[in-house]
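1. coords please:
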Amino acid sequence: MTAVLAAGCVLWRRCPGPGEAAVEVAVVHRPKYDDWSLPKGKLKRGEPAEAGAVREVLEETGMTCRLGPFLATVRYVLADGRTKEVRYWAAEATGGTFVPNREVDAVRWLPPRAARGLLTQERDVQLVAALVGVLGEG
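-> Predicted coordinates for the structure are as follows:
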């Protein structure tokens, strides 16, 4: 069985002021799963992972972004037994506006510690921690 390939980002933005509050991370609420997650999604056939990550951020959050460092590849088993493989990058938000949609009905911008507390999956918590390590924040 072939793995489901996906890509996503730990989307962040700078805020005025020193310390952890100087950086906020976007977390998305997916009504289908009633969970808080990071923006990600399946790649289109032949789509490079980097392009898919940027596309998914735009589709789910309404934000354009600039890809930064690669953070990790996360693998987990789906309910149907297939493996999902998601490649994640740090990505700085460069503009845009969120509009609720079918996949994501809310986006929250939170300091990293608060984002880690809200995220449903431990794998997403670890990705925010990896972003903090890359940025040297929080």
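
2. which stretches of the chain form strands?
-> Taking DSSP state E as the test, the strands found in the chain are 4-14, 23-30, 35-37, 40-42, 63-77, 83-96, 106-110.

3. Which of those strands sits closest to residue 132?
-> Closest approach to residue 132 among these (CB to CB): strand 23-30, 8.0 Å. C-beta: built from backbone N, CA, C; applies to glycine.

4. And the closest one, what does it pack against?
-> strand 4-14, strand 35-37, helix 49-61, strand 106-110, helix 112-118, helix 122-135 (3 or more CB pairs under 8 Å, 6 or more residues apart in numbering; DSSP states H and E).

5. send the alpha carbons of the last one over as PDB?
-> Translated: helix 122-135. In PDB, the C-alpha atoms belonging to helix 122-135 read as follows (Å, rounded to 0.1, in the frame of the first residue of the first chain):
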ATOM      1  CA  GLU A 122       1.500  15.600  20.200                       C
ATOM      2  CA  ARG A 123       3.200  15.400  16.700                       C
ATOM      3  CA  ASP A 124       2.100  19.000  16.100                       C
ATOM      4  CA  VAL A 125       3.300  20.100  19.500                       C
ATOM      5  CA  GLN A 126       6.700  18.700  18.600                       C
ATOM      6  CA  LEU A 127       6.700  20.700  15.300                       C
ATOM      7  CA  VAL A 128       6.000  24.000  17.200                       C
ATOM      8  CA  ALA A 129       8.900  23.100  19.500                       C
ATOM      9  CA  ALA A 130      11.100  22.500  16.400                       C
ATOM     10  CA  LEU A 131      10.100  26.000  15.100                       C
ATOM     11  CA  VAL A 132      11.000  27.600  18.400                       C
ATOM     12  CA  GLY A 133      14.400  25.900  18.200                       C
ATOM     13  CA  VAL A 134      14.900  27.200  14.600                       C
ATOM     14  CA  LEU A 135      13.800  30.800  15.500                       C
END
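
6. any idea which of the helices and strands packed on strand 23-30 is most buried?
-> Mean neighbour count (mean count of other CB atoms under 10 Å) peaks for strand 4-14 among these, with a mean of 22.
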